[in-house]
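Asks: after the sequence you'll find the predicted model.
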Amino acid sequence: MSEEKVAEEIQEDAAEAEAVENGQAAPESTENGEAEEQAPPTVEEQLDAALAEAADFKDRWMRSQAEFANARKRMEKQRLDTYTNATASVMDKLLPIVDDFERAMENLPEEISENSWLEGIQLMQRKLLNTLENFNVIAIEALGEPFDPNLHEAVTQEPTDEFESGAVCRVLQTGYKIGDRVIRPSLVVVAA
C-alpha cells in the first residue's frame, strides 16, 4: 500500500470517529466508497411533520393556559383565606366586648333602666353587633340544638325534662363563626 492510501484511510477513520462522537451516523459507504445520498422528504412527509409539530405546540400552549388558570385560582383562594384569617383574628378580639355588653344588659339594675344614658349604651351595643354582621360574623344558634362538637363546647351535663338528651339546654357563652369557620365555639350545658 502506498503512503497516500494509508493517509486517506486514517483520515476517513478519523472522520467516522468524529461523526460518531457528535451523534451523527457514519456515512454508509457504497461499493464505490462514496456516501449514499438520502432523498429529500416528500411534501406529504413535510406536511405530517409540520402538523405533528403544530399539535405539540398547541398541547404545550393549552397546558400552560391550564397551569396559569390553576395558579390564578390558587392565589385567589389564598387571598380569601388570608382575609378570612385576619378578619377572624380581629373579631376574636372584639367578642369579649360583646360578651361584656350582654352580661351588663342581662344584669341591669331596675333603678337605672329608665335613665336616658342607658339608651346610648344600648346603641353602642347595637353598633358593635352591626359591625360584626358587616364582617359576616354570625352567632351560633345553640339552645335546643343537638350538641355538635364542631360548634359547641360542653361544660357539663344536667338532667332536664325541657330538652331531649344530647340537646343543648343552656348557653353559657355565645359562639360565633364567619361562614363555615368557627371563631369561637359556644360554651354550653348539654341535657342528660
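Replies: That came through, no problem.

Asks: what kind of secondary structure is Val190 in?
Replies: Judged by DSSP: H, G, I helix; E, B strand; the rest coil, the three-state class of Val190 is strand.

Asks: just the helices in this protein please.
Replies: Using DSSP state H, the helices found in the chain span residues 3-21, 43-106, 117-134.

Asks: return the helix or strand in the protein with minimum mean pLDDT.
Replies: For the chain, using mean pLDDT, DSSP states H and E, the weakest element among its helices and strands is helix 3-21, scoring a mean of 67.

Asks: Val137: neighbour count?
Replies: Close neighbours of Val137, defined as other CB atoms under 10 Å, add up to 22. All C-beta spots, glycine's among them, are computed from the backbone N, C-alpha and C.

Asks: typo on my end, it should be Leu47
Replies: Here the neighbour count serves as a burial measure; for Leu47 (other CB under 10 Å) it reads 11.

Asks: try Val182
Replies: Using other CB under 10 Å, the number of residues around Val182 comes to 17.

Asks: so who does it touch?
Replies: By CB atoms under 8 Å, 6 or more residues apart in numbering, Val182 lies in contact with Ile140, Asn150, Leu151, Gly175, Tyr176.

Asks: repeat that for Ala50.
Replies: Ala50 makes contact with no residue, according to CB under 8 Å, 6+ apart.

Asks: hang on, the earlier thing: so which of the helices of the chain is nearest Thr156?
Replies: Of all the helices of the chain, the one in closest proximity to Thr156, counting by CB to CB, is helix 43-106 (19.3 Å).

Asks: returning to that earlier point: return the member of the contacts of Val182 nearest to Arg79.
Replies: Arg79 has its nearest neighbour among the contacts of Val182 in Tyr176, at 22.9 Å by CB to CB.

Asks: I'm done for today, thanks for sticking with me.
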